[in-house]
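Colleague: After the sequence you'll find the predicted model.
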Amino acid sequence: MKQLLQSLKTGIGEVVDVPTPAPSSNQLLIATSRTLVSAGTERMLVDFGKANLLEKVRQQPERFWAVMDKIRSDGLIATWRAIQAKLEVPLPLGYCNVGKVLEGGGAEFPTGRRVVSNGHHAEIVSLSPKLVAVVPDKVSDEAATFTPLAAIAWEGIVLMQVKPGDQVMVVGLGLIGQLAVRLLKGIGCHVLGADPDPARRALAEKYGLKVVSDGADPVDEAMAWSQGKGVAGVLITASSPSHTIVSEAARSCRYRGRVVLVGVVGLRLNRADFYRNEVSFQVSCSYGRRDHTGPGSAHANFHQVMAFMEQGKLPVEDLVTHRFRLAEASQAYGKLQDKSSLGILLRYEAEKTGGTGAGLSAREIRLREPNGVRPKPRICLLGAGNFAVRSLLPALATAGVRPEVVVSRQGASALYAGKKFGALRVGTDPGVAWSDPELDTVCIATRHHLHGEQALAALKAGKHVWVEKPLCLHLEELAQIESAYPAPRTQHPARPVLMVGFNRRFAPMAVALKRALQKRGDSMDIRITVNAGRLDADHWTLDREVGGGRMVGEGCHFIDLGRFLAGSPIESVRCLRRDKNGQDGGGFELTFQNGSKVVIDYRTNLPAHLPKEVVEVKGEGFAATIHNWTRLRSQGLGGLRRGGFWSRTPQKGHKEAVRAFFEAIKGGPEPIPAGEIFEVSRAAIRMQGMIQGAEF
């Protein structure tokens, strides 16, 4: 199928062939008929891509300090590589999509039902039902494409808490501003609009809007219009670096009026502007929350907007200024620089074939033919997200191995990863990993809730398996994998290799420290401090069903590292601290059979510039510290070179772990004994339960 992708490095957009999304039990497949180009958001992305690095920093100054923190933590080289890797990944554009349901709809979304969603500019999209709404019969496909943008305006209006008869001001009369004006008029509000463009002011005036005169002071106009009382609320839909817009909005409000920001403007706030009339300020969350379908959700706002369209309270036809076919997307995006452009529509051929035309149903694309003999291992990579592209695939390349097949749920990321790392095929069907007899190895880097079932399916098919941590999320899954994977390997030499990406134990500094500790043979105290950072509340790793939580998803790394350094089975696990900020932070003590103890202090509230990981080992007469995997220092511990170890960038053992996996496939030693993998996984699941308040 065809999809529009844009480079953040160059700003160039391109319509490319990508594999069709695979069906999913909790997703809808939709064949697109129309999409709308968001003149504000997508123009901003194009401009950002075309800018040089310095201009990119100027456009997003808030990211500058995050970059500086990363430089202080990980070093300049690692930070530069991370930035370049981020900019290289093509970005799927678009979030205003209308089409017909192909699969997975159930009673609410039967096959053939017209729906609107936040899907990309692609012939077929796969989406959660929470971000999809049925299009009423009286609403055309073209009109329905405006729904997500109108929902953004509606969410801001709801936050202003205005009622019929209120006087309201809208600052910025671009596409979202025009929709906001019509929605406000539809519910009976009186509206004052402000925009420097006379054509936009004239368009809004057709709907009974009073506008701020060219060159006039907006605060004076608002006060005169409201007879000195001030307006009930100001909705800012403008895009401008100016800090005066919010100041003028606050000074235009009446007592306890509300300023709601939908657009992107300067936010250097002046307390006095808000103090006098106790004016409140709020930033709107796009078109609503995406994690549920109740009031305030994107789903509810989509329905409300289309109800207005169906009732004739939200006319949008005159907002369409251009129409193009998807193949003409470059021409469509050229119109973004024309300020007279508002609604730019893209038309799709999929509507003529019901989404089943040639090339639309292909869930796999061949990129190249093999050159000569195809050496083993023949790898299928499941998942092509950030970790796979930035860490796992480069480690494979260092080991001299290319993936034969790359699979991802949406397809665009698989295409990028496959081209970059020389795959033969890319697709969206994970079943190829265990059904294709030509493939002998499966590398799993999907979201955590899929790891257990995918690893089990691959093992049952006799494939070698690398699972990027965690192995699984539940004890029941772990028991099934243990049953399917007999141990020890010495008694089952034909058994495939199972490896979990516990790379820290393979880091050169960890290996050197372990070698020195083995010579001591004493019990030890180990403290691992992790500066994990704070995630957005809706981040998928915090989702218990998808990510499983941070302790099972990431904390398992440090359990394994402690197990490796202590060199003894885990005897008990105790929760020392359970943070109550919803970030899965906490402290744990693990006791080992040889008397060693490991304290894992997993912090989510430390400054970002501090080291990400610090490992401290102490015993009778000795001490050693690994500082963020760039320095290893020791005292009283023989076997380590004088002056310790030092590296320019954090060396966490990714390349070494991958190399050990392939050596095991060729008949070498087991990289991590299966018993230790299961032991560490069981402890991680228990610790996640403790974070959530469960007792084991």
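Modeller: Happy to help now that I have it.

Colleague: after the helix or strand A272 falls within, next one along is what?
Modeller: Remark: A272 resides in helix 271-275, with elements defined by DSSP states H and E. Next helix or strand after helix 271-275 toward the C-terminus (DSSP H and E): strand 280-283.

Colleague: what does whatever helix or strand comes next after that next one contact?
Modeller: Where DSSP H and E defines the elements, the next helix or strand beyond strand 280-283 is helix 298-310. Contacts of helix 298-310 with the rest of the structure, by C-beta atoms under 8 Å, 6 or more residues apart in numbering, involve 116, 118, 129-133, 135-136, 138-139, 143-144, 147-148, 150-151, 154-155, 158, 183, 186, 286-290, 292-294, 314, 316. For every residue, glycine as well, the C-beta is placed using N, CA and C.

Colleague: Please narrow those to those residing in strands.
Modeller: Among these, the ones falling in strands (DSSP state E) are V116, V132, A133.

Colleague: Okay, and the beta partners of the first one?
Modeller: Partner residues in beta bridges with V116, using DSSP bridges, are V98, A133.

Colleague: one step back: would you list the buried entries among the contacts of helix 298-310?
Modeller: 116, 118, 129-133, 135, 139, 143-144, 147-148, 150-151, 154-155, 158, 183, 186, 286-290, 293, 314, 316 (16 or more other C-beta atoms under 10 Å).

Colleague: List the buried residues for stretch 305-314?
Modeller: Buried residues in stretch 305-314, counted by 16+ other C-beta under 10 Å: V305, M306, F308, M309, L314.

Colleague: now do stretch 521-538
Modeller: Within stretch 521-538, the residues that count as buried by 16+ other C-beta under 10 Å are S523, M524, I526, R527, I528, T529, V530, N531, A532, G533, L535.

Colleague: Would you confirm that the last one contacts G547?
Modeller: No: contact criterion C-beta atoms under 8 Å: L535 and G547 do not qualify, at 9.5 Å.

Colleague: which neighbours do these two share?
Modeller: T541.

Colleague: Which secondary structure element of this structure has the lowest mean pLDDT?
Modeller: Within the chain, confidence by mean pLDDT, DSSP states H and E is lowest for helix 350-353 among all helices and strands, at a mean of 53.

Colleague: before we move on, the earlier item: quick one: average pLDDT of the helix holding A272?
Modeller: Helix 271-275 carries an average pLDDT of 95.

Colleague: how about it as PDB, C-alpha atoms only?
Modeller: What follows is helix 271-275, C-alpha atoms only, in PDB (Å, rounded to 0.1, in the frame of the first residue of the first chain):
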ATOM      1  CA  ARG A 271       1.500  37.200  37.000                       C
ATOM      2  CA  ALA A 272      -0.100  40.700  37.100                       C
ATOM      3  CA  ASP A 273      -2.000  40.000  33.900                       C
ATOM      4  CA  PHE A 274      -3.800  37.100  35.600                       C
ATOM      5  CA  TYR A 275      -3.900  38.500  39.200                       C
END
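
Colleague: Next, the buried residues of that helix.
Modeller: Buried, per 16+ other C-beta under 10 Å, within helix 271-275: D273, F274.

Colleague: what sits up against it?
Modeller: V246, S247, A250, R251, V279, S280, F281.

Colleague: Of the residues you listed - the most surrounded one?
Modeller: Taking other C-beta atoms under 10 Å as the neighbour criterion, A250 ranks highest of those with 26 neighbours.

Colleague: So it lies in a helix, does it not?
Modeller: Yes: when DSSP: H, G, I helix; E, B strand; the rest coil is applied, A250 is found to be in a helix.

Colleague: ok, it to N270 distance?
Modeller: Per C-beta to C-beta, to the nearest Å, A250 is found 8 Å from N270.

Colleague: V407 against W434, yeah?
Modeller: No: between V407 and W434 there is no contact under C-beta under 8 Å: 11.5 Å.

Colleague: Would you mind telling me which of the two has the busier surroundings?
Modeller: Neighbours were tallied for V407 and for W434 using other C-beta under 10 Å; the higher tally belongs to V407 (31 against 20).

Colleague: partners of the more buried one in the sheet?
Modeller: L382, G427.

Colleague: low-confidence ranges in this protein?
Modeller: Applying pLDDT under 70 to the chain flags the ranges 44-65, 67-68, 72, 80, 83-84, 87, 350-361, 487-493, 641-644, 694-696.

Colleague: care to break it down by domain?
Modeller: 2-146+316-353, 149-283, 364-499, 503-691 (automatic domain parsing).

Colleague: possible to save those domains as TSV with distance to N301?
Modeller: As requested, the domains of the chain are exported to TSV (distance: least, C-beta to C-beta, whole Å):
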stretch	distance to N301
domain 2-146+316-353	9
domain 149-283	4
domain 364-499	24
domain 503-691	17
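
Colleague: So G193 versus P218, what's the distance?
Modeller: For G193, the distance to P218 (C-beta to C-beta) stands at 10 Å.

Colleague: higher neighbour count, the two?
Modeller: Using other C-beta under 10 Å, the more surrounded residue of G193 and P218 is G193, with 28 against 21.

Colleague: which SSE is that one in?
Modeller: Since the elements are taken from DSSP H and E, G193 ends up inside strand 190-194.

Colleague: Looking at the contacts of helix 271-275, which is nearest R368?
Modeller: V246 (53.2 Å; C-beta to C-beta).

Colleague: Assess the claim that the closest one and V264 are in contact.
Modeller: No: V246 lies out of contact with V264 (C-beta under 8 Å); the separation is 11.5 Å.

Colleague: all helices in the stretch 501-650 of the chain, in order from the N-terminus.
Modeller: Taking DSSP state H, counting those that start in this stretch to define them, one finds helices in the stretch 501-650 of the chain at 508-520, 550, 556-566.

Colleague: ok, back up a step: which outside residues touch the strand holding G193?
Modeller: Residues from elsewhere that reach strand 190-194 (C-beta under 8 Å, 6+ apart): 165-173, 177, 181, 184-185, 201, 204, 208-212, 218, 221-222, 225, 231.

Colleague: again, only this time at 6 Å
Modeller: With contacts defined as C-beta atoms under 6 Å, 6 or more residues apart in numbering, strand 190-194 is touched by 167-171, 173, 181, 184, 204, 209-212, 218, 225.

Colleague: and these, which are buried?
Modeller: Buried residues within the contacts of strand 190-194, counting neighbours by 16+ other C-beta under 10 Å: 167-171, 173, 181, 184, 204, 209, 211-212, 218, 225.

Colleague: from these, which ones fall inside strands?
Modeller: Secondary structure from DSSP E places Q167, V168, M169, V170, V171, V211 of those in strands.
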